[in-house]
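> Dropping the sequence and predicted coords here.
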Number of protein chains: 2
Amino acid sequence: MSSEPLKDLSRLCIHTITTRPWNIEEAAVNYSAAGVKGITVWRDALAGRDIRLTGEMLRNSGLSVVSLARGGFFPSVDKQKRSDSIDDNRRAIEEAYKLGTDLIVLVCGADPKQPMEESRKQIFDGISALLPEAKAAGVKLAIEPLHPMYADTRSAINTISQANEMAEAINSPFAGVAVDVYHLWWDPSLEQEIYRCGKNKHLFAFHICDWKSPTTDMLNDRGLMGEGCIPVRKIRSWVEKTGFEGFIEVEIFSNIYWKLDQVEFLKKIIIAYKQHA
Amino acid sequence: MSSEPLKDLSRLCIHTITTRPWNIEEAAVNYSAAGVKGITVWRDALAGRDIRLTGEMLRNSGLSVVSLARGGFFPSVDKQKRSDSIDDNRRAIEEAYKLGTDLIVLVCGADPKQPMEESRKQIFDGISALLPEAKAAGVKLAIEPLHPMYADTRSAINTISQANEMAEAINSPFAGVAVDVYHLWWDPSLEQEIYRCGKNKHLFAFHICDWKSPTTDMLNDRGLMGEGCIPVRKIRSWVEKTGFEGFIEVEIFSNIYWKLDQVEFLKKIIIAYKQHA
């Protein structure tokens, strides 16, 4: 049995990258005016800003700061780069703390010059190294398994099963999983693995969009919910069966939608959210 | 421990689509002159030809006809289309028989207008319906699990685990699995699932190429072995651990390589085969 349609916007969160033409101040004004209640902030949106004040501005606009995107990119054949990556993730934790959010989404990374097993080990080591700072800042880290078409350079964690295993191995309330329908919809074990994730209390975030047929760009051709073949509402029902009541985050990278008037695009997002999420 | 380099071309098979600018007669002459011993024939290469005579021509050129590519595409929301697809697969079995090969590779299909579970059921039903003709013709059917980036329209079978399960459920010596490194390299369970496949006597074919970083086209930007991040030789060692001694099939769709002089490309294939397969 699927979930009921979402009748209001109380759980709607939008990623700043979804409306990339807007800077964060424009995003705040427009999301707020449309009744959106959550925002996930991409780090590039904070460039040149006082992060504490930006967090206050967002809250004053009626927005919950759901998460900071993104940390990760741990693996490299180069030791110095691995060490630099840990430092960068430490900065991300500090930014999340200043911004006033308790969650960072991790795109874990991969280096095509080494075996995936090695990249996975470096991801485990990277997250483990960050846990003390994460705990101290009260910031959780969500491993986002990425679609296997990104296995070469973006993430060596490509199924929710792998993300669950890694979160179980790390075994901390500060390490969990972000479920994004775009990356995971094709997986026949998705339902069971969502339940496993929930049971572990590791289901930290839920991202939505759609997979268009045809998809013309491997990165920036995501669809609005309902435009493609992902059973978004069915997957939401699995997520909610675990007790998840958090924000439903719209994360769309789209060369097409970035060209639209973003006010019009935001209206489309809200319609798609109510009809298909 | 990985396999030894391949020192001769006795197990090298090339798909006609790999050298798409050549018609099948040109492919036969050139593969043969280069010492290639196997050919997998794509059905479009047979258009307008007498299939029996073409099979004879290939054998007279010293080539084993390793398989016919491709059958499949069973799922559809439209009942008539499903029925047409079965008919088309029957024709493929007849073509394989006339050509003198005992294997058809199946790209199983998917219809984005219906749930993947439904597509998978239709794939199971489609293959099951073909088994009597397949047995009568002495032609085996190999389920090729396709990369999850093709899950919307090309195949609802996206992991070797799923292909193994389906072949086990069909439970016939005429239904097995084609292992293609391009589709499966990222899967952390690949090694174990190859062993499971071999134990079942379901490992019917082994296809190679490479995954380039970056990949610029979702369909036609495959790399030569060694150009990307797939551990081709390591995967071959797993395949051979099962006792597989069949052809190693080079299947490369590439807008870049199709533009090259195909004699030069064939030389590159042979070098890459010896160095990286």
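All right, it came through fine.
> Give me the distance between A:Thr18 and B:Leu58.
Noted for A:Thr18: a distance of 54 Å to B:Leu58, by Cβ to Cβ, to the nearest Å. C-beta: built from backbone N, CA, C; applies to glycine.
> again, but for A:Phe253
Distance, A:Phe253 to B:Leu58, by Cβ to Cβ: 47 Å.
> Tell me which stretches of the stretch 101-250 of chain A form helices.
Assigned by DSSP state H, counting those that start in this stretch, the stretch 101-250 of chain A shows helices spanning A:116-137, A:160-170, A:181-184, A:190-199, A:232-241.
> quick one, which of those is packed in tightest?
helix A:181-184 (a mean of 24; mean count of other Cβ atoms under 10 Å in any protein chain shown).
> how far does it sit from the chain's center?
Here helix A:181-184 is found 11 Å from its chain centre; the criterion is Cα atoms, centre = their mean, to the nearest Å.
> Which strands and helices lie in contact with it?
Contacts defined by 3 or more Cβ pairs under 8 Å, 6 or more residues apart in numbering or on different chains; DSSP states H and E place helix A:181-184 against strand A:203-208, helix A:232-241.
> Next, format those as a markdown table and append mean pLDDT.
Shown next, in a markdown table, are the helices and strands packed on helix A:181-184 (pLDDT from 0 to 100):
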| stretch | mean pLDDT |
| --- | --- |
| strand A:203-208 | 98 |
| helix A:232-241 | 98 |
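> What parts of the stretch 101-250 of chain A come near chain B?
A:112-113, A:115-116, A:120, A:147-149, A:151-153, A:158-159, A:162, A:185-188, A:211, A:213-215, A:218, A:228-229, A:231 (Cβ under 8 Å from any Cβ of the partner chain).
> same thing but 7 Å
Residues of the stretch 101-250 of chain A lying close to chain B (Cβ under 7 Å from any Cβ of the partner chain) are A:112, A:115-116, A:147-149, A:151-153, A:158, A:162, A:186, A:188, A:211, A:213, A:215, A:218, A:229, A:231.
> Please pick the buried ones from these.
A:112, A:116, A:147-149, A:151-153, A:158, A:162, A:186, A:188, A:211, A:213, A:215, A:218, A:229, A:231 (16 or more other Cβ atoms under 10 Å in any protein chain shown).
> list the buried ones in stretch A:89-98?
Neighbour counts over stretch A:89-98 (16+ other Cβ under 10 Å) mark A:89-90, A:92-93, A:95-98 as buried.
> Near chain B, list only the ones from the residues you listed.
Answer for these near chain B: none qualify (Cβ under 7 Å from any Cβ).
> Those residues in helices, which ones?
Applying DSSP state H to the buried residues of stretch A:89-98, the entries found in helices are A:89-90, A:92-93, A:95-98.
> Which one of these is nearest to B:Asn200?
Distance to B:Asn200 across those (Cβ to Cβ) is lowest for A:Asn89, with 43.8 Å.
> now the ones in helices among the buried residues of stretch A:89-98 in TSV, with pLDDT?
Below are those laid out as TSV (pLDDT from 0 to 100):
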residue	pLDDT
A:Asn89	98
A:Arg90	98
A:Ala92	98
A:Ile93	98
A:Glu95	98
A:Ala96	98
A:Tyr97	98
A:Lys98	98
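> in chain A, which spans are strands?
Counting by DSSP state E, chain A has strands at residues A:12-15, A:38-42, A:64-72, A:103-107, A:140-143, A:175-180, A:203-208, A:248-250.
> The closest residue to chain B within the stretch 1-150 of chain A and A:Tyr150, how far apart?
Using Cβ to the nearest Cβ, the single residue of the stretch 1-150 of chain A nearest to chain B is A:Pro112, 3.6 Å away. To A:Tyr150, A:Pro112 is 11 Å away according to Cβ to Cβ.
> Let me see the contact set for the closest residue in space to A:Ile24 that isn't next to it in sequence.
When the adjacent residues along the chain are set aside, A:Ile24 lies closest to A:Ala45, with 4.3 Å between them (Cβ to Cβ, 6 or more residues apart in numbering or on different chains). A:Ala45 makes contacts with A:16, A:23-24, as judged by Cβ atoms under 7 Å, 6 or more residues apart in numbering or on different chains.
> ok, so what distance separates A:Ala45 from B:Ala92?
Distance of A:Ala45 to B:Ala92, given as Cβ to Cβ: 53 Å.
> And A:Ile14, by the same measure?
A:Ile14 is 48 Å from B:Ala92, by Cβ to Cβ.
> Next: A:Leu9.
Distance of A:Leu9 to B:Ala92, computed by Cβ to Cβ: 52 Å.
> now do A:Glu95
Counting by Cβ to Cβ, the separation of A:Glu95 from B:Ala92 is 57 Å.
> cool, A:Asp8 as well?
Taking Cβ to Cβ, one finds A:Asp8 at 53 Å from B:Ala92.
> ok, the residue nearest to A:Glu249 when sequence neighbours are not counted - contacts?
Setting aside the residues directly before and after it, A:Glu249 is nearest to A:Cys13 in space (Cβ to Cβ, 6+ apart), at 4.3 Å. The contact partners of A:Cys13, by Cβ under 7 Å, 6+ apart, come to A:38-40, A:66, A:247-249.
> Widest-spaced pair of those residues?
Greatest spatial distance among the contacts of A:Cys13 (Cβ to Cβ): A:Ile39 and A:Ile248, at 12.8 Å.
> picking up where we left off before, need the pLDDT of the residue of the stretch 1-150 of chain A closest to chain B.
Note on A:Pro112: pLDDT of 98.
> Name the nearest residue to it, sequence neighbours excluded.
Spatial nearest neighbour of A:Pro112, excluding adjacent residues (Cβ to Cβ, 6+ apart): B:Cys229 at 3.6 Å.
> what's the nearest residue to A:Gly72 once chain neighbours are set aside in contact with, if anything?
Excluding the flanking residues, the one nearest A:Gly72 by Cβ to Cβ, 6+ apart is A:Leu106, at 3.8 Å. By Cβ under 7 Å, 6+ apart, A:Leu106 lies in contact with A:70-72, A:141-144.
> Same list (the residues you listed) but as TSV, adding pLDDT and neighbour count.
Converted to TSV, the contacts of A:Leu106 look like this (pLDDT from 0 to 100; neighbours: other Cβ atoms under 10 Å in any protein chain shown):
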residue	pLDDT	neighbour count
A:Arg70	97	21
A:Gly71	98	29
A:Gly72	98	27
A:Leu141	98	28
A:Ala142	98	26
A:Ile143	98	28
A:Glu144	98	26
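> So, low pLDDT: which residues of the stretch 1-150 of chain A?
Low-confidence segments of the stretch 1-150 of chain A (pLDDT under 70): A:1.
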